[in-house]
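Any chance you can model this:
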Amino acid sequence: MLLVIYRCLWGDDVAERANILSRVRTELGDFGTTFRDVFLGTGELDQYDLSAINVSALTVTALSGGTTTELIAPAAFSLDSRAGRILLNGAYAPLPDGVTLTVQGSGGGMFSDEDLEQLLAEALLQHSKGRTIRARYRDGHGFIRYRDEAMTLETMPQVEELPVALLVTLNALWVLATDAAGDVDVSTPDGTQVSRRQRYEQIVNQISLVEERYRDLCAQLNVGLHRIEMFDLRRVSRTTGRLVPLFKAKEYDDHSLPVRKVPSVDSQDEDASGIPSIAYWGWW
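Predicted coordinates for the structure are as follows:
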């Protein structure tokens, strides 16, 4: 069912996303569970608490007089997936007396599907930052051309799925660590002591281990934020004091026009006073 949801959202890269998120849940030990709740209407209530939190893949049906009707969101109901609460709308608010409401779906433990999807999107931006895929093609005039396309999950090598999953896991653990940082130790008059800070310390320790695994894999594959990169240094002309233009290197059979490169230049020492200076040849 999770695979069907991803296919509707992302299309061709559904398998890669499903594999990565499945691996993330395995790393976190956060496996989803299915549930089925049945409520009998009394004509008074329009919202019900479900037996699971972080709910996804929800199916809601109403049984009345032997006829089963499937309720469609948001016309018939709305869902608070994080709290695990369903709020009925329209003709079923409140739920009529004698009507049986059946709610089926799956619930996550610590993270919902939406939470992991957001963490995955952020991890992909970080892991593939500045990386492109060069495509070689022949244009309509028969000339060979090259184009650089931003790397996506669909074009990313399959061997990098594990590092991406580890990066998602790392970001998820930081979320858990932030939540555990507010816990304080409990001490009662009868001498009972509960060290709640231990959960935070264990999560932080696990973060160090996962980060070490991610760095080790990225170093071997030379990918991710810690990969070795090559940059061009800007040269300043001795005669004019201006930066010498740089152009992108091309393949020997690439007949496209030169592409200008404009690398960033550190401007921390730039004069911000606004006072004009003497320019070349004595001009202001």
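
now the helices for the chain?
Remark: helices assigned in the chain by DSSP state H are 2-10, 14-28, 113-127, 161-180, 197-221.

Quick check: the gap between the spatially closest residue to Asn222 that is not a sequence neighbour and Ala219.
In space, Asn222 comes closest to Ile228 once its chain neighbours are excluded; the distance is 5.9 Å by CB to CB, 6 or more residues apart in numbering. In short, each C-beta sits where N, CA and C put it, glycine included. Shown here: Ile228 relative to Ala219, a distance of 9 Å by CB to CB, to the nearest Å.

what about these two, which has more around it?
Per other CB atoms under 10 Å, whichever of Ile228 and Ala219 has more neighbours is Ala219, with 13 against 6.

returning to that earlier point: now the helices of the chain in TSV, with distance to Gly66 and mean pLDDT?
What follows is the helices of the chain, written out as TSV (distance: least, CB to CB, whole Å; pLDDT from 0 to 100):
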stretch	distance to Gly66	mean pLDDT
helix 2-10	30	41
helix 14-28	38	88
helix 113-127	35	91
helix 161-180	46	93
helix 197-221	51	92
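
Dump those helices into a markdown table; add distance to Ala83 as well.
Formatted as a markdown table, those follow (distance: least, CB to CB, whole Å):
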| stretch | distance to Ala83 |
| --- | --- |
| helix 2-10 | 20 |
| helix 14-28 | 20 |
| helix 113-127 | 13 |
| helix 161-180 | 16 |
| helix 197-221 | 22 |
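
Indicate which one of those is closest to Asp46.
Nearest to Asp46 among the helices of the chain is helix 113-127; the distance by CB to CB comes to 24.2 Å.

what angle separates the closest one from helix 161-180?
120 degrees (axes from the mean of the first three to the mean of the last three CA atoms, to 10 degrees).

Just the CA coordinates for helix 113-127, please, in CSV.
Taking C-alpha atoms only, helix 113-127 is exported to CSV below (Å, rounded to 0.1, in the frame of the first residue of the first chain):
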residue,chain,number,x,y,z
ASP,A,113,5.3,9.0,6.3
GLU,A,114,5.1,12.7,5.8
ASP,A,115,7.9,13.3,8.3
LEU,A,116,10.2,10.8,6.6
GLU,A,117,9.4,12.2,3.2
GLN,A,118,10.4,15.7,4.3
LEU,A,119,13.6,14.3,5.8
LEU,A,120,14.3,12.4,2.6
ALA,A,121,13.8,15.5,0.5
GLU,A,122,16.3,17.5,2.7
ALA,A,123,18.8,14.6,2.6
LEU,A,124,18.7,14.4,-1.2
LEU,A,125,19.4,18.1,-1.5
GLN,A,126,22.4,17.8,0.9
HIS,A,127,23.8,14.6,-0.6
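
Contacts for that helix, please.
The contact list for helix 113-127 (CB atoms under 8 Å, 6 or more residues apart in numbering) reads 2, 5, 9, 17, 20-21, 24-25, 54, 56, 81, 111, 152-153, 160, 163-164, 167-168, 171-172, 175, 223-225.

Mind checking which of those are buried?
In terms of neighbour count (16 or more other CB atoms under 10 Å), the buried residues within the contacts of helix 113-127 are 2, 17, 20-21, 24-25, 54, 56, 81, 111, 153, 160, 163-164, 167-168, 171-172, 223-224.
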